[in-house]
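Novice: Build me a model from this:
(2 chains)
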Amino acid sequence: MKILVCISKTPDTTAKIAFTDNNTKFASDGVQWIINPYDEWYALVRAIELKEAAADTVIHLITVATADSEPIIRKALALGGDEAIRVNADSHDSFYIASQIAAIAKEGAYDIIFTGKETIDYNGSSIAGMVAELLDMPYISLATKFDIAGTEATINREIEGGEETDKVALPVVVSCQKGVAEQRIPNMKGIMGARTKPLKVVEPAAVEALTSITSFDLPPAKAGVKLISADTPEELVRLLHDEAKVI
Amino acid sequence: MSVLIFIDQADGQIKKSSLEAAAYGAKVAEQSGTSAEAIVLGNITDDLTSLGKYGIKKVHTVKDSKLNSLDAQLFTKVIAQAATTTGATVIVLSNNFAGKSVAPRLSVKLKAGLVSGAIALPDTTKGFVVKKSVFSGKAFANIAINTPIKIISLSPNSYSFTAGTGSAEVADFAATIDAPKVQVTATNKVTGEIPLSEAELVVSGGRGLKGPENWGIVLDLAKALGAATACSRPVADADWRPHHEHVGQTGLAIAPNLYIAIGISGAIQHLAGVNRSKVIVVINKDPEAPFFKAADYGIVGDAFEVVPKITAAVKKLKGI
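Specialist: Numbering: from 1, shown residues only, chains lettered A, B, ... in the order given. The predicted structure is shown next:
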């Protein structure tokens, strides 16, 4: 069994979001970078669990990013995984990144390709679906449970107001969210071991992005909370009806 | 030339998020002087001519039971055929669960740039630029689609629309349909409730409610308002409420017109899932709860005393 886990680096959840260059670039100065939480907590940990259950499983990690992402990749390798591949490119758009991942995946003949449900920076939720289409593989989005029996996967995915259980033959692309696995913390053995695991750097395939960011905006600041006395909560209902006009 | 809108259904009924996509797509068609056409997959019990009320001129249906449940690969092939036949220059989908599965595949299949989670109509004054929410609701990005065919998946509850008059022409669309690779063996969902992702009003409870046995006040207020119910992560993790009610970074991100948070402190991870709500009400006994900084209205007080009074006032307002 061969598993490819797609890893992205994102600004820490609590990072201050600001832009430079006339609002065209994310202001990355002083920003703490982390592994995209959905990639780390769910996609990667589920892959590690599958390897723990079947020792002949091989896990490769892939990221499409410049060299400054290497601490993130080492951290991911400290959690688990046999080797990592970094496609040496700045991110352009989802299609560009998905095309790079698909090019590597085609060579690797993976049974399962895992991603997180989305990245917490661009919130696109698009890479996994694009990779699946590029490889002509089935894609199950927003999985909450992933199990394997032989060459068939049983996957729960989120739908409006609940879940659906899907059965699909491997290979498959799956985007993972809460429920698929439980977050882990790397231990000292993992951290030491990660230093010597192979990290292969490959140059990107020639691909044209389909979209480009023209600018960023910040949401208008909130006017500030209007406090209503706990003695007159019915006043809230009047304001929601007469002033905010939402009920 | 057309704007093609993918209309998503569950159990034969059109999803509200798809009606929103229809109205949005019709507006895009009006802006560009083309016709709004819809593609509907699977067996539908709803009256499809009524899509005319949302500006759809023509509905293409593919009534094949293989399309009753989602197989994104299969759906993509059929929608791509319809896009070619109708000469679609823009394709609109809801960024709901089906849209998130289908839109990226369609983008690859048609080599068409995708903006997923659009929150406004495209700006066509300079190219074709679509606004979406990024950094978990903390910023917006304006994204230019640079390909002849453009795909927009619309974030639910971000385009306000009303039903007008009009009737759409409905015609069968002959598509080549492969054998599905995904077999749906079970569905487990609440019925008769408004899906949280589509709800305009949401009442949400947190750890401040102390236990599942105290959820009555949340449910009563939601019922009086006609709202969906939600909860914070610790509540879902403790199994006080079902997982699909969990809103926040690791749960669902929602954008209702009204979000009432009861006993939720407002950690940044929770805000990431609700900060696009149009009006936020926070009820918390701790005046230092960070959520008050993100709120429009707030009550500092004991939820068990305050919330029933709000419910009574809502009932009085609505005459129920």
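
Novice: same for the host helix or strand of residue B:22, what does it pack against?
Specialist: Element membership for residue B:22, per DSSP states H and E: helix B:16-32. In terms of contacts (3 or more CB pairs under 8 Å, 6 or more residues apart in numbering or on different chains; DSSP states H and E), helix B:16-32 is packed against strand B:2-7, strand B:35-41, strand B:88-94, strand B:150-154. For every residue, glycine as well, the C-beta is placed using N, CA and C.

Novice: Buried ones in stretch B:7-15, by neighbour count?
Specialist: By 16 or more other CB atoms under 10 Å in any protein chain shown, the buried positions in stretch B:7-15 come out as B:7-10, B:14-15.

Novice: ok, now which ones touch residue A:171?
Specialist: A:110-113, A:135, A:137 (CB atoms under 8 Å, 6 or more residues apart in numbering or on different chains).

Novice: Recalculate using a threshold of 6 Å.
Specialist: A:111, A:137 (CB atoms under 6 Å, 6 or more residues apart in numbering or on different chains).

Novice: phi, psi of it?
Specialist: Main-chain dihedrals, residue A:171, degrees, to the nearest 10: phi -80, psi 160.

Novice: Now do it against residue B:102, distance only.
Specialist: Noted for residue A:171: a distance of 19 Å to residue B:102, by CB to CB, to the nearest Å.

Novice: top strand in chain A by residue count?
Specialist: Using DSSP state E, we find that the single longest strand of chain A is strand A:139-149.

Novice: Please work out which residues outside it touch it.
Specialist: Contacts of strand A:139-149 (CB under 6 Å, 6+ apart): A:46, A:117, A:129, A:132, A:154-158, A:166, A:173-177, A:179-180, B:72, B:100-101.

Novice: For it, what is the distance to the chain centroid?
Specialist: 15 Å (CA atoms, centre = their mean, to the nearest Å).

Novice: next SSE after that strand?
Specialist: Once the chain leaves strand A:139-149, the next helix or strand it forms, by DSSP H and E, is strand A:152-159.

Novice: Can you list the strands that that next one pairs with?
Specialist: Strands that pair with strand A:152-159, judged by DSSP bridges, come out as strand A:139-149 (antiparallel), strand A:162-169 (antiparallel).

Novice: And the residue nearest the centre of chain B?
Specialist: residue B:156 (2.7 Å; CA atoms, centre = their mean).

Novice: and stretch A:20-33, which residues are buried?
Specialist: Buried, per 16+ other CB under 10 Å, within stretch A:20-33: A:23, A:26-27, A:33.

Novice: Go through these and name the one nearest residue B:267.
Specialist: Nearest to residue B:267, judged by CB to CB, of those is residue A:33 at 20.7 Å.

Novice: pretty sure that closest one contacts residue A:7?
Specialist: No - using CB atoms under 6 Å as the test, residue A:33 is too far from residue A:7 to be in contact (11.8 Å).

Novice: And the furthest pair within the buried residues of stretch A:20-33?
Specialist: Those two in the buried residues of stretch A:20-33 that are separated most widely, counting by CB to CB, are A:23 and A:33, at 21.2 Å.

Novice: now residue A:173: how far from residue B:41?
Specialist: 21 Å.

Novice: Apologies, that question was intended for residue B:232.
Specialist: 36 Å.

Novice: So if I had to pick from the two, which one is more boxed in?
Specialist: Counted by other CB atoms under 10 Å in any protein chain shown, residue B:232 and residue B:41 do not tie: residue B:232 has more neighbours, with 31 against 28.

Novice: picking that back up, the buried residues of stretch A:20-33 in strands, which ones?
Specialist: Going by DSSP E, the strands hold A:26, A:33 from the buried residues of stretch A:20-33.

Novice: Nearest to chain B, out of the buried residues of stretch A:20-33: which one, please.
Specialist: residue A:26 (8.3 Å; CB to the nearest CB).

Novice: Spit out the contact partners of residue 183.
Specialist: Unless you meant another one, I'm taking chain A. Counted by CB under 6 Å, 6+ apart, residue A:183 has contacts residue A:41.

Novice: think we crossed wires, I meant chain B
Specialist: Counted by CB under 6 Å, 6+ apart, residue B:183 has contacts residue A:167.

Novice: Strand partners (parallel or antiparallel) of whichever strand or helix holds it?
Specialist: Per DSSP H and E: residue B:183 is located in strand B:182-189. Strand B:182-189 pairs in its sheet with strand A:162-169 (antiparallel), by DSSP bridges.

Novice: Need the residues that contact the strand it pairs with.
Specialist: Contacts of strand A:162-169 (CB under 6 Å, 6+ apart): A:138, A:140, A:151-157, B:181-189, B:244.

Novice: Any residues of the stretch 51-200 of chain B in contact with chain A? List them.
Specialist: Along the stretch 51-200 of chain B, the residues adjacent to chain A under the rule CB under 6 Å from any CB of the partner chain are B:72-73, B:97, B:100-101, B:104-105, B:108-109, B:113, B:116, B:129, B:134-136, B:138-145, B:147, B:181-190, B:195, B:197.
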